[in-house]
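Student: quick one, fold the following:
(2 chains)
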Amino acid sequence: NAGVTQTPKFQVLKTGQSMTLQCAQDMNHEYMSWYRQDPGMGLRLIHYSVGAGITDQGEVPNGYNVSRSTTEDFPLRLLSAAPSQTSVYFCASSYSGVDPADTQYFGPGTRLTVL
Amino acid sequence: GNSVTQMEGPVTLSEEAFLTINCTYTATGYPSLFWYVQYPGEGLQLLLKATKADDKGSNKGFEATYRKETTSFHLEKGSVQVSDSAVYFCALSVSGGNQFYFGTGTSLTVIP
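Tutor: Presented below is the predicted three-dimensional model:
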């Protein structure tokens, strides 16, 4: 049971490049989400999904796309990277996303730098 | 709306000192409350949680009590260790909201 995995761990992009951050979980969780972590701002929700085929926007969705074709995978796409997207990105999952008592399980993070 | 306010850091303590990290919240509805811990270079992991008023969450010597009257969920530990050095996040989740709301995090350094 690997939990939540993320790849890559580190990435450097040039402005305007595109890339996909991968996230997978093996706990059969319905709810998955992406956060970005910036100094002094805590974690901010980018996008989330309550099940395969269902996604929705969080607090800071601009510049990011997501899709959820399987229960296990929830990739985050940057279509045209900007320096403002330099951040640490965390993927998280929980059992349902409906019960507020559900614990969220986090991946180890991807540190992205956009030059 | 929903939000979490937690104590600004960084906090530096000597080993065996008493720790308090303050957390207050505003919520629409009845939230569940969480403390997460992030060790250097790692993702967040659940430290403890409480799901209703007056519940006390506890783990690894840390405790926090859900106080509805003061909308608070302060984290405490009686005797910190060097290994407790980390960033601590207070968070809440509300029913049907599908979102977690995190505080800005408090960095704790424990020196021998």
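
Student: can you show me the strands along the chain?
Tutor: Here I'm looking at chain A. A:4-7, A:10-13, A:19-25, A:31-38, A:42-51, A:54-57, A:64-66, A:76-78, A:87-94, A:105-106, A:110-114 (DSSP state E).

Student: the intended chain is chain B.
Tutor: Ranges of strands in chain B, per DSSP E, are B:3-6, B:11-14, B:19-21, B:23-26, B:31-38, B:44-50, B:56-59, B:62-65, B:75-77, B:86-94, B:100-102, B:106-111.

Student: which of those strands has the lowest average pLDDT?
Tutor: Here the strands of chain B differ in mean pLDDT, and the lowest is strand B:100-102 at a mean of 89.

Student: quickly check: that one near chain A or not.
Tutor: Yes. Counting by C-beta under 8 Å from any C-beta of the partner chain, chain A is contacted by strand B:100-102 at B:Phe100, B:Phe102. The C-beta positions use only the backbone N, C-alpha and C, and glycine is treated the same way.

Student: how close does B:Ser3 sit to B:Ile21?
Tutor: Separation of B:Ser3 from B:Ile21 (C-beta to C-beta, to the nearest Å): 17 Å.

Student: in TSV, list the strands of chain B along with mean neighbour count.
Tutor: Formatted as TSV, the strands of chain B follow (neighbours: other C-beta atoms under 10 Å in any protein chain shown):
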stretch	mean neighbour count
strand B:3-6	18
strand B:11-14	14
strand B:19-21	18
strand B:23-26	18
strand B:31-38	25
strand B:44-50	20
strand B:56-59	14
strand B:62-65	20
strand B:75-77	20
strand B:86-94	24
strand B:100-102	24
strand B:106-111	16
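
Student: OK, contacts around residue 61?
Tutor: Since you didn't name a chain, this refers to chain A. The contact partners of A:Pro61, by C-beta atoms under 8 Å, 6 or more residues apart in numbering or on different chains, come to A:Ile46, A:His47.

Student: oops, I was thinking of chain B
Tutor: Going by C-beta under 8 Å, 6+ apart, the list of residues near B:Gly61 reads B:Lys77, B:Gly78, B:Ser79.

Student: interface residues of chain B facing chain A?
Tutor: B:30-32, B:34, B:36, B:42-46, B:49, B:51, B:89, B:93-100, B:102-105.

Student: rewinding a little: in CSV: the strands of chain B, plus distance to A:Asn65.
Tutor: Formatted as CSV, the strands of chain B follow (distance: least, C-beta to C-beta, whole Å):
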stretch, distance to A:Asn65
strand B:3-6, 27
strand B:11-14, 38
strand B:19-21, 36
strand B:23-26, 31
strand B:31-38, 27
strand B:44-50, 24
strand B:56-59, 36
strand B:62-65, 37
strand B:75-77, 36
strand B:86-94, 25
strand B:100-102, 21
strand B:106-111, 32
